[in-house]
Structures are given as structure tokens and as C-alpha cells.
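1. Here is a sequence together with a model predicted from it:
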Amino acid sequence: MKYTSYKSALVWTAAFVLFSAVAGTGVTYSLDLALVEASQRAASVTLDAFGNFLSVAGGWELTGVLLLVLTGAMLWRGHRRLAVRIFLIFLATALLEFVLKLYLPVTPIPESLGRSNEFAPTLEIKYPYPYPSGHMLRSTILLGALYLWSGSRTIGILAVGLLALMGTTRIYLGVHWPSDIVGGVLLGIAAVCWAFKRKGKT
């Protein structure tokens, strides 16, 4: 198992707070729009299908199940306190995501940029603002926790690759700005750092 320091948890938290403040001012809008439009220049049915598939992977239904599997495995291996921290942090960041999407005034993505969505969630909540990406937040927490708990470099590389693919497809599908993706990842990393910051019995 790998551990993180108190300092790293504070640094990632500060990075998220500062980036959120910047995104809320609208400074990133021009770059966000240019990147979304650029990503859709090579649009195709195949890319739409692949992006929608990854949307399912980061949706709340599947990530909720995976959270229970991961924390259950931690409990089974005797890491009770770690399992509880991961579970509570997952819920706390979900609440923070909800609040930010209600009140942080990030310009919504125009519907004209949205691609097809063949795998809509069973329960979809409409938010006035898109920041941060819940898909990236949940996936970062789960994959980051799996990497630190396992200590496997291979899992770490695969996790980064999967997150990069998911982030790219969320932008391509026109459901999130690149800044939303960055915000979700930053919050997810900060959350994982807080969960794994203490050494000793877990």
C-alpha cells in the first residue's frame, strides 16, 4: 500500500479551490470552447459509441457498485478504517459536486455541441452549471484508491490511461468543458490524498 502526505493533500485541495475560482470567473471559456469544437472535427459514429460506452463506466450507477466492491474488499482484508474513509469521502465529494453544479457560475455547454447519448443514466439530474465533471471525480477516486491500495505500478499506468480516455471522450461528446474535466480530476486526487494520508493501522 502507498501513502500520501498531509502536505500533498493540502496542495491538491488548494489547487482544486484555486482552479474552481478561476473557472467560475469565465476566464477559461474561450479555450474550453475552442477545444470542444476541435475535438469534434473528426466526429464519427464509432467515436460516439466509444464515448457513450465510457460514459457508462463513469456513471453513478456503475461507480456506486464499484465503490461497494472496493470498500468491501478493503473490509475483507482488514482495512476497515481505510474503507470507511473512502466511502465517506466518496459521499462528501458527491455532495460538493452537487453544490458546485448549483452555484458555481460556469457557462453551460450549448446543446448544439452535444453528441448522441445512447446510454443515458436511469436517473439523470439536470444542473444549471457543468463544473466539475462527476464522471471524472468518481473515476479518479476509485482508480486512485485502487492504485494506492494495491501499490501496483501497472494499475497506476492503466488508471491514468483510462482517465485520459474518459476525459477526452467527455469533451468530445460535448457534455463537459475541458475545465470541468480538470476540476473533477483535481478534486478526485485531493480526496484520495486525504483518504491515504495517514500511516499505521488502516
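-> Yep, it's here.
2. Quick one: find the helix or strand in the protein with the lowest mean pLDDT.
-> helix 45-58 (a mean of 87; mean pLDDT, DSSP states H and E).
3. Give the other helices and strands that that helix contacts.
-> Here helix 45-58 touches helix 134-150, helix 153-172, going by 3 or more Cβ pairs under 8 Å, 6 or more residues apart in numbering; DSSP states H and E. (C-beta placed from N, C-alpha, C; glycine too.)
4. Need the contact partners of the strand or helix carrying Ala15.
-> Assigned by DSSP states H and E, Ala15 falls within helix 6-25. Among residues not part of helix 6-25, those counted as contacts by Cβ atoms under 8 Å, 6 or more residues apart in numbering are 28, 100, 104-106, 131-132, 179-180, 182-183, 186-187, 189-190, 193-194, 197.
5. Please repeat the previous calculation with a cut-off of 10 Å.
-> 4-5, 27-29, 32, 96, 100, 103-107, 129-132, 177, 179-180, 182-198 (Cβ atoms under 10 Å, 6 or more residues apart in numbering).
6. One more: stretch 33-53?
-> 28, 107, 109-110, 113, 115-120, 165-166, 168-179, 181.
7. pLDDT score assigned to Ser116?
-> Each residue has a pLDDT score; the one for Ser116 is 65.
8. Report the distance from the longest helix seen in the chain to the chain centre.
-> Longest helix of the chain, by residue count under DSSP state H: helix 80-103. Chain-centre distance of helix 80-103: 12 Å, with Cα atoms, centre = their mean, to the nearest Å.
9. What residues sit buried inside that helix?
-> 82-83, 85-87, 89-90, 93-94, 96-97, 100-101 (16 or more other Cβ atoms under 10 Å).
10. hang on, the earlier thing: could you list the buried residues of the helix holding Ala15?
-> Those would be Ser8, Ala9, Trp12, Thr13, Ala15, Phe16, Phe19, Ser20, Ala23, Gly24, for helix 6-25 by 16+ other Cβ under 10 Å.
11. Check which element follows that helix along the chain.
-> Counting by DSSP H and E, the element after helix 6-25 in chain order, helix or strand, is helix 29-39.
12. Show me which residues of that next one are buried.
-> In terms of neighbour count (16+ other Cβ under 10 Å), helix 29-39 has its buried residues at Asp32, Leu33, Leu35, Val36, Ser39.
13. could these be laid out in a markdown table, adding distance to Val56 and pLDDT?
-> Formatted as a markdown table, those follow (distance: Cβ to Cβ, whole Å; pLDDT from 0 to 100):
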| residue | distance to Val56 | pLDDT |
| --- | --- | --- |
| Asp32 | 24 | 97 |
| Leu33 | 26 | 96 |
| Leu35 | 23 | 96 |
| Val36 | 21 | 96 |
| Ser39 | 20 | 93 |
